[in-house]
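**Student:** could you work out the structure for the sequence below:
(2 chains)
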Amino acid sequence: MLRFIVRRLFGMVIVLFVVSVLVFLIFNVIPNSPPAQRLAGKNATPVLVKSIEEEWGFDKSLPEQYVTMMEKVFTNELISYSPRTSVEDRIVEGIPATLSLAIGAGIIWLSFGLVLGYLSAVRAGGWLDKFLTGFAIAGISIPVFLIAPVLIYFLTYKIEIFPNAGYVPLTEDPWGWFTHLVLPWTTIAILSIGFYSRVLRSNMLDVMNEDYVRTARAKGLSERQVMVRHVLRNSLIPIITLFGLDFGATIAGTALITEKLFSYEGVGLYAVESVEKLELPPIMGVTLYGAFFVVLINAVVDIAYAYLDPRVRLGSTAS
Amino acid sequence: MAIDPQPGAGLPAGGPDASFPSAPDGVSSDRGPWYLAYKRFIRNKLAVAFLGLFILIVVFVLAAPLWADHVAHTGPNQSHTLEKLRVGGEVREVVTPEGRPIGPQWFEAGGKFFLGADSRLGRDEMVRLMYGGRTSLFIGVISGLITTLVAVILGLLAGYYRGWVDAVIARILDVLWSLPVLLFGIALGVSLAVGGLKIGPIEIEGGSIWIPIFVISIFTVPYVARPIRGEVLSLGEKEFVEAAVAQGAGPLRVMFGEILPNLASTIIVFFTLNIANNMLFEAALSFLGAGVQAPNSSWGTMISVGQELLTTQPLLAIIPGVMIMLTVLSLNIVGDGLRDALDPRSKVRLEAHSGMVEPEGVSV
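**Tutor:** Residues are numbered from 1 along each chain as shown, chains lettered A, B, ... in the order given. Reported below is the predicted structural model:
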């Protein structure tokens, strides 16, 4: 196990390095205009552009430029130039809001998905099963930017059930925090519920054909015991990987769109507002930290998976 | 995505040969596999219906100039802010002094402002919807073509040469796969929109729609290349490849003459699903301001404009969203139907990669 963890963490460090190089290339090398001009923003003065050019060392070699960029990122000196604010400070400010959004949505889609998936596997072919099939394929086709306007229009303007927009810190007003989050949570979660229930269902139907399930039945366990202890438990392991990947993808993806739709003041909204102002340093910071977070989550998920399913780590040490 | 739209409606699984005897009654097995696949597809009512819907959508966006010239008498970017509209005996302002655009007029004004005006700029929403759909579909299809082409080449190289070639390609695909695509899409989209792009002789301006096409193509390659690589790896073990090599065929002939034709059904299915995925990606990028740039518009940018008027004219945000949903849904269902029709076995194989068509960050 320890060997697996060390290997996985080593792999993670390499990916983190590759990610940071990619971010460097995307922002400072690939586009076809002077990088200092781009970083300075739309209405930059020539003086500012000149000072950025020196600060970032754009006259030096590419590896030196890369090192300068990473130094700035790790010493909280990545700065958005108009107005002059620290990117890291703004990101840290937005983290509680973004985590509230993503974790809550994740809990909702996971719990609903698992319950519905379990029920549809137990009664495969029933009406619930058929409904979830349709629900799941609709789920991958309906964009969040359709669901959110519909929810906002009907549930905050037409019938004023939920408050519109914004984030209320949990510590200040727990009820306000909750009511402000219901619609954003629903927007993110509703589409994954169908998908998760389908995945759990198909895993369970596979496991049901295993010999050990037949053995469990043969030794006289009740149907419920067989389903919960033997079938469900073994079907859950692959879901963990999937959930980890999707949770990362939500934080660095769907959450951005959702935060814009609900004017919800998290990290995503900060990035989106910077996109609208064509302000590059904040986008650079959010991309870098977002990607780091996703890579980290993926490594944690792999390790958890190996811990739960010994076949994985044994297989990988053998290879 | 491992979803069977009609459980139990699929054909019995079996080897490629086993599917011949199970062909529909009255179809002789000497008609060839494409004919059989066509027959199987036709029997899938749901897929046929959604194929019809998709064709309707394509016709709708292709008819944009007709509607613009002969019905609405305006262009997608033409502003009518200060104009008034005569409906029956009544005079209506296209944009009120408070900046509120006119709502849907349907055919009351002879087709002008059929869906109302888009914003305080007073542009015809219906005309914009049709032209925006052209952009969205164009980007989806072209980036789908590029992605598929690159993915097939990478998949063939990795699967045929194996060894270090495979190791390098597989690692690159793995890293791309593990990136948060939307975030990197935004990053690349914005920095190219500001700076433009120059690859060798090709130079792309910052505002061009080729920027989002380029961005989307890069980041969706692994979704197609990984399964193709897997398939090439297993095809490479087959006897017909050995036979070709024994006859003295070179690598190019084996890859493109022997293996590629056997990938046809996989490529068709993935191309279809990839267009759907790309359209969602494009909509997300454009909605966030990192995709299609003004004055061009797409369904994604229209939602972002419409969202600001959600309280007064909710349809402005909802209609382009519905169009995206219908297009993506029809492509997903047609893709699923094609998969069942072309290769009844494949359902099992794709199950293992579930989530592949799940549009990830773009998701949704």
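**Student:** okay, and for the chain, where does confidence drop off?
**Tutor:** Picked chain A for this. Across chain A, residues meeting the criterion (pLDDT under 70) sit at A:314-319.
**Student:** actually chain B
**Tutor:** B:1-30, B:344-364.
**Student:** would you map the helices across the stretch 201-319 of chain A?
**Tutor:** A:211-218, A:223-225, A:233-249, A:255-261, A:267-276, A:280-308, A:310-318 (DSSP state H, counting those that start in this stretch).
**Student:** in TSV: those, plus mean neighbour count.
**Tutor:** Every residue, glycine included, has its C-beta placed from N, CA and C. Shown next, in TSV, are the helices of the stretch 201-319 of chain A (neighbours: other CB atoms under 10 Å in any protein chain shown):
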stretch	mean neighbour count
helix A:211-218	13
helix A:223-225	10
helix A:233-249	19
helix A:255-261	27
helix A:267-276	23
helix A:280-308	21
helix A:310-318	13
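**Student:** the stretch 251-364 of chain B: helices as residue ranges?
**Tutor:** B:251-252, B:260-262, B:264-288, B:299-306, B:315-342, B:346-351.
**Student:** quick one: residues contacting the residue in the stretch 201-350 of chain B that chain A sits nearest to.
**Tutor:** At 3.2 Å from chain A, residue B:321 is the closest residue in the stretch 201-350 of chain B, using CB to the nearest CB. The neighbours of residue B:321, taking CB atoms under 8 Å, 6 or more residues apart in numbering or on different chains as the test, are A:143, A:145, A:146, A:149, B:299, B:303.
**Student:** residues contacting the first one?
**Tutor:** Under the criterion of CB under 8 Å, 6+ apart, the neighbours of residue A:143 are B:280, B:283, B:284, B:321, B:324, B:325, B:328, B:364.
**Student:** relative to residue A:173, which of these is nearest.
**Tutor:** residue B:364 (30.1 Å; CB to CB).
**Student:** state the distance from the closest residue in space to residue B:44 that isn't next to it in sequence to residue B:343.
**Tutor:** Nearest non-adjacent residue to residue B:44, counting by CB to CB, 6 or more residues apart in numbering or on different chains: residue B:337, 4.6 Å away. Distance, residue B:337 to residue B:343, using CB to CB, to the nearest Å: 12 Å.
**Student:** tell me which of the two has more neighbours.
**Tutor:** Taking neighbours as other CB atoms under 10 Å in any protein chain shown, residue B:337 and residue B:343 compare with residue B:337 leading, 27 against 21.
**Student:** which residue would be the closest one in the stretch 101-250 of chain B to chain A?
**Tutor:** Taking CB to the nearest CB, the stretch 101-250 of chain B has residue B:195 as its residue nearest chain A, at 2.7 Å.
**Student:** phi and psi next, for the closest residue to that residue other than its chain neighbours.
**Tutor:** Take residue B:195 and drop its neighbours on the chain: the residue closest to it by CB to CB, 6+ apart is residue A:31, 2.7 Å away. Main-chain dihedrals, residue A:31, degrees, to the nearest 10: phi -60, psi 160.
**Student:** so who does residue A:31 touch?
**Tutor:** Applying CB under 8 Å, 6+ apart, we find residue A:31 in contact with A:38, B:191, B:192, B:194, B:195, B:196, B:197.
**Student:** how about the residues of the stretch 201-350 of chain B by chain A?
**Tutor:** B:203, B:276, B:280, B:283-284, B:287-290, B:300, B:303, B:306-307, B:310-311, B:314, B:317-318, B:321-322, B:324-325, B:328-329, B:332-333, B:336 (CB under 8 Å from any CB of the partner chain).
**Student:** out of the residues you listed, which end up buried?
**Tutor:** B:276, B:280, B:283-284, B:287-290, B:300, B:303, B:306-307, B:310, B:314, B:317-318, B:321, B:324-325, B:328-329, B:332-333, B:336 (16 or more other CB atoms under 10 Å in any protein chain shown).
**Student:** run a quick neighbour tally on the nearest residue to residue B:329 once chain neighbours are set aside.
**Tutor:** For residue B:329, ignoring the flanking residues on the chain, the nearest one in space by CB to CB, 6+ apart is residue A:141 at 3.8 Å. Neighbourhood size, residue A:141 [other CB under 10 Å]: 24.
**Student:** wait, isn't residue A:141 in contact with residue B:335?
**Tutor:** No. When contacts are counted by CB atoms under 8 Å, residue A:141 is not listed as touching residue B:335 (10.9 Å).
**Student:** overlap in contacts of the two?
**Tutor:** residue B:276.
**Student:** and for residue B:315, the neighbour number?
**Tutor:** 18.
**Student:** contact partners for it?
**Tutor:** If you count contacts by CB under 8 Å, 6+ apart, then residue B:315 has B:103, B:104, B:115, B:116, B:306 around it.
**Student:** what is the helix or strand harbouring residue B:158 packed up against?
**Tutor:** Taking DSSP states H and E as the criterion, residue B:158 maps to helix B:125-161. Applying 3 or more CB pairs under 8 Å, 6 or more residues apart in numbering or on different chains; DSSP states H and E, one finds that helix B:125-161 makes contact with helix B:45-62, helix B:64-66, helix B:163-178, helix B:210-235, helix B:264-288, helix B:299-306, helix B:315-342.
**Student:** cutoff 6 Å now
**Tutor:** Helix B:125-161 sits against helix B:45-62, helix B:64-66, helix B:163-178, helix B:210-235, helix B:264-288, helix B:299-306, with contacts defined as 3 or more CB pairs under 6 Å, 6 or more residues apart in numbering or on different chains; DSSP states H and E.
**Student:** out of those helices, which gets nearest to residue B:124?
**Tutor:** Nearest to residue B:124, of these and by CB to CB, is helix B:64-66 at 11.1 Å.
**Student:** in that closest one, what's buried?
**Tutor:** Those would be residue B:64, for helix B:64-66 by 16+ other CB under 10 Å.
**Student:** quick one: contacts of that helix?
**Tutor:** B:130, B:131, B:134 (CB atoms under 6 Å, 6 or more residues apart in numbering or on different chains).
**Student:** how about a cut-off of 10 Å?
**Tutor:** B:72, B:75, B:76, B:126, B:127, B:128, B:129, B:130, B:131, B:132, B:133, B:134 (CB atoms under 10 Å, 6 or more residues apart in numbering or on different chains).
**Student:** hang on, isn't the fourth one packed against residue B:63?
**Tutor:** Read it as residue B:126. No. The pair residue B:126 / residue B:63 is not scored as a contact, 11.0 Å apart, by CB atoms under 10 Å.
**Student:** list the contacts for residue A:164?
**Tutor:** Residue A:164 neighbours (CB under 10 Å, 6+ apart): A:152, A:155, A:156, A:157, A:180, A:183, A:262, A:263, B:310, B:311.
**Student:** among these, which two are most distant?
**Tutor:** Pairwise over these, using CB to CB, the maximum falls at A:180 and B:311, 17.8 Å.
**Student:** the helix or strand harbouring residue A:175 near chain B anywhere?
**Tutor:** Using DSSP H and E, residue A:175 sits within helix A:174-208. Yes. Using CB under 10 Å from any CB of the partner chain, we find that helix A:174-208 touches chain B at A:187, A:188, A:191, A:192, A:194, A:195, A:198, A:199, A:202, A:203, A:206.
**Student:** so how far is that helix off the chain centroid?
**Tutor:** 14 Å (CA atoms, centre = their mean, to the nearest Å).
**Student:** just stretch B:237-244 next, same as before
**Tutor:** Using CA atoms, centre = their mean, the offset of stretch B:237-244 from its chain centre is 35 Å.
**Student:** show me the contact partners of it.
**Tutor:** By CB under 10 Å, 6+ apart, stretch B:237-244 touches B:160, B:232, B:235-236, B:246, B:249-250, B:253-255, B:257-259, B:262.
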